[in-house]
Each structure stands twice: as C-alpha cells, then as structure tokens.
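Q: Dropping a prediction and its sequence here:
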Amino acid sequence: MASKAAVLHLVGLGRSYQEIGAALGIPPGQAYLVGTGIPADGGGTVSRAQRTRPGMLPSRTQCLVNPREAPPPPAGPVHEWMRTRARRDQLTRPGR
C-alpha cells in the first residue's frame, strides 16, 4: 500500500509521478493524491496554502489522470482488417 511518506520520499529523490506510480504499482494520479492530498484532475480549487505542500506540481496535473491518447499507426492490422471487410462487403452486394 502506498503511503504519503513513500510518495514524498520518491518525490524528494526527483522521481516523476509516472515513475512513482510505476514503482508503487498505482496510477500516477493516485500517487499525486496520496502524496499531496489534492486530486490531480484539477476538479477543485487549490488554495495558496495548499500550493506550498510538499510534492505539489506548479500546474498541469491533469495529464496524471488523463494521458493523451495516441492515434493508431497509419498502417497495421486494424487497417488491413478494415480493407478486407470492405472488399468482402462489395463482393456480397448484388450488382457489384
């Protein structure tokens, strides 16, 4: 179980929350919440006093809970499957 002390120790060693989460077996946003007591999704207002807590990031914590999605590669098994399905569909339609 991840503890605040363990998270802040790893922060003190210069680790990112992604690295901390991987080391402790929890998502990065959860590691941030355990270490700071502030949700990483930015859903609440953070007071000036809270901004001085150990482990707080100055901004951009949303990426800890909602990493950007990467588009699929332009070629690969999904596109080949789609082409095959399209060819089969044309063959089954009468008059084509």
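A: Structure received.
Q: Quick check: nearest residue in space to residue 39, chain neighbours excluded?
A: Among residues not flanking residue 39 along the chain, residue 33 sits closest, at 5.6 Å (C-beta to C-beta, 6 or more residues apart in numbering). Where you see a C-beta, it was placed from the backbone N, CA and C, and this is true even at glycine.
Q: Tell me the helix or strand right after the host helix or strand of that neighbour.
A: Element membership of residue 33, judged by DSSP states H and E, is helix 28-36. Next along the chain after helix 28-36, taking DSSP H and E as the criterion, comes helix 48-51.
Q: quick one: the following helix or strand past that following helix to chain centroid distance?
A: Note on helix 48-51: by DSSP H and E, the next helix or strand toward the C-terminus is helix 77-92. Relative to the centre of its chain, helix 77-92 is centred 33 Å away, using C-alpha atoms, centre = their mean, to the nearest Å.
Q: Now do helix 77-92, average pLDDT.
A: Average pLDDT, helix 77-92: 83.
Q: residues contacting residue 23?
A: Going by C-beta atoms under 8 Å, 6 or more residues apart in numbering, residue 23 touches 10, 15.
Q: centroid residue for the chain?
A: residue 67 (3.4 Å; C-alpha atoms, centre = their mean).
Q: Could I get the buried residue list for stretch 52-60?
A: Within stretch 52-60, the residues scored as buried using 16 or more other C-beta atoms under 10 Å are 55-57.
Q: Switch those residues over to a markdown table; also include distance to residue 16.
A: Compiled in a markdown table, the buried residues of stretch 52-60 are given as follows (distance: C-beta to C-beta, whole Å):
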| residue | distance to residue 16 |
| --- | --- |
| 55 | 11 |
| 56 | 14 |
| 57 | 10 |
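Q: how far away is the residue nearest to residue 36 when sequence neighbours are not counted from residue 11?
A: Among residues not flanking residue 36 along the chain, residue 55 sits closest, at 4.9 Å (C-beta to C-beta, 6+ apart). Distance, residue 55 to residue 11, using C-beta to C-beta, to the nearest Å: 5 Å.
Q: overlap in contacts of those two?
A: residue 35.
Q: Can you report how many residues lie near the closest residue to residue 62 other than its chain neighbours?
A: Nearest in space to residue 62, with sequence neighbours left out and distances taken as C-beta to C-beta, 6+ apart, is residue 42 at 5.3 Å. Residue crowding around residue 42 was assessed by other C-beta atoms under 10 Å; the count is 15.
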